[in-house]
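Student: Provide a 3D model corresponding to the input given below.
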Amino acid sequence: MLGEQFSEILRYRGLLGMLAWRDIRVRYKQSLLGVTWAFLMPLINALVLYAIFTFGPLDLSDRSKLRGMPYFLFVLSGVVAWGFFAGTLTSSMECLTRNSRLVTKVYFPREVFPLSSVAGSFVDFCIAALVIIPFYLYYLHTGDVEATPRLLLLPFILLIQATLAGGLSLILSMANLFFRDVKYIMTFILQMWFFATNVVYPITFDSHPGLRWIAYINPMIPILDAYRAILIGDPIPNKIGLLVAAIIAVLVFYFGWKVFHRAEFKFAEVV
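Tutor: Below is the predicted model of the structure:
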């Protein structure tokens, strides 16, 4: 049954791509810099956060706590990766309400709407990731990071993150269709989630065993740790945590897919 549903999505991959491209064009259509904002925003955010946590009262630039990683690269990689995750959830929450006419009048698998949000955010992520390259090359030249074959693991880490974001997108887009205040609640949750994730500061629970379970509840922590370890050429520090994150991502995606598909026939009534 699930295989048939995936096959149906593949038959409508052209529509999925068209919706993703349309969302990207609408997002940047009337801006002066256009898609360049996808490149500039993470850089500006990273610079601001770097300044706050380096020259402010809280200095987090101690490399001994960052496994030797330059703090700016630590912040920039965290901002780019988190931006993909948060941007996907934010854009997917209203994907069904934005496309109400298509939902009610034309038949095709409705899953293409949240999945197109994932695809559109992935394009933004690829553009934003370009900003890392010059800084990575600089730190590579200075010897602060090391290029190793572990870089080939990046697509697998990205797949885990995209699976998690895709599953949550299915759930949130459906939930927001039935309860329109979901987007406001989720905006607050994302803000709290940001501070509970190692985006701008390291989160380790080795010295606090009682808090170690938080790292397993929040799958974004081992995902960001894996991204950074691969960038500097280190082994993945928390393999068990990353495995748990992968299992959570698959379960969330499976649950989201099943619930979304079962509620699909009610969409036209409440849209």
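
Student: and residue 236, backbone torsions?
Tutor: Here is the backbone geometry of residue 236 (degrees, to the nearest 10): phi -60, psi 120.

Student: ok, now how distant is it from residue 85?
Tutor: Distance from residue 236 to residue 85, counting by CB to CB, to the nearest Å: 18 Å. To be clear about C-beta, it is placed using only N, CA and C from the backbone, and glycine gets the same treatment.

Student: of the two, who's got more company?
Tutor: Neighbours around residue 236 and residue 85, counted as other CB atoms under 10 Å, are more numerous at residue 85. The numbers are 25 against 19.

Student: list the residues that contact the residue lying closest to residue 91 once chain neighbours are set aside.
Tutor: Spatial nearest neighbour of residue 91, excluding adjacent residues (CB to CB, 6 or more residues apart in numbering): residue 117 at 4.5 Å. Residue 117 makes contact with 20, 23, 88, 91-92, 95, 169, 173, according to CB atoms under 8 Å, 6 or more residues apart in numbering.

Student: remind me which helix or strand residue 117 belongs to.
Tutor: helix 112-129 (DSSP states H and E).

Student: right, and the helix or strand after that helix?
Tutor: Moving toward the C-terminus from helix 112-129, the next element (DSSP H and E) is helix 132-142.

Student: can you give me the helices for the stretch 151-271 of the chain?
Tutor: Applying DSSP state H, counting those that start in this stretch to the stretch 151-271 of the chain gives helices spanning 154-178, 182-195, 212-217, 220-232, 239-263, 267-270.

Student: most tightly packed of these?
Tutor: helix 220-232 (a mean of 24; mean count of other CB atoms under 10 Å).

Student: check what pLDDT the residue nearest to residue 91 gets.
Tutor: Residue 117 is assigned 89 on the pLDDT scale.

Student: cool, and residue 214?
Tutor: In this prediction residue 214 is given a pLDDT of 67.

Student: same check on residue 2?
Tutor: 59.

Student: re earlier: what would the contacts of residue 117 look like in a markdown table with pLDDT and distance to residue 248?
Tutor: Listed next are these as a markdown table, based on pLDDT from 0 to 100; distance: CB to CB, whole Å:
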| residue | pLDDT | distance to residue 248 |
| --- | --- | --- |
| 20 | 83 | 25 |
| 23 | 79 | 27 |
| 88 | 93 | 16 |
| 91 | 89 | 22 |
| 92 | 89 | 18 |
| 95 | 83 | 23 |
| 169 | 94 | 15 |
| 173 | 91 | 19 |
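
Student: just put the residues you listed in JSON lines and tack on secondary structure.
Tutor: Shown next, in JSON lines, are these (DSSP: H, G, I helix; E, B strand; the rest coil):
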{"residue": "20", "secondary structure": "helix"}
{"residue": "23", "secondary structure": "helix"}
{"residue": "88", "secondary structure": "helix"}
{"residue": "91", "secondary structure": "helix"}
{"residue": "92", "secondary structure": "helix"}
{"residue": "95", "secondary structure": "helix"}
{"residue": "169", "secondary structure": "helix"}
{"residue": "173", "secondary structure": "helix"}
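
Student: specify which member of the residues you listed is nearest to residue 141.
Tutor: residue 88 (33.3 Å; CB to CB).

Student: so that closest one makes contact with residue 115?
Tutor: No - assessed by CB atoms under 8 Å, residue 88 is found out of contact with residue 115, at 10.1 Å.

Student: so what sits against both of these two?
Tutor: 166, 169.

Student: where's the helix holding residue 117 relative to the chain centroid, distance-wise?
Tutor: 9 Å (CA atoms, centre = their mean, to the nearest Å).

Student: how about it: buried residues?
Tutor: Buried residues in helix 112-129, counted by 16 or more other CB atoms under 10 Å: 112-122, 124-125, 127-129.
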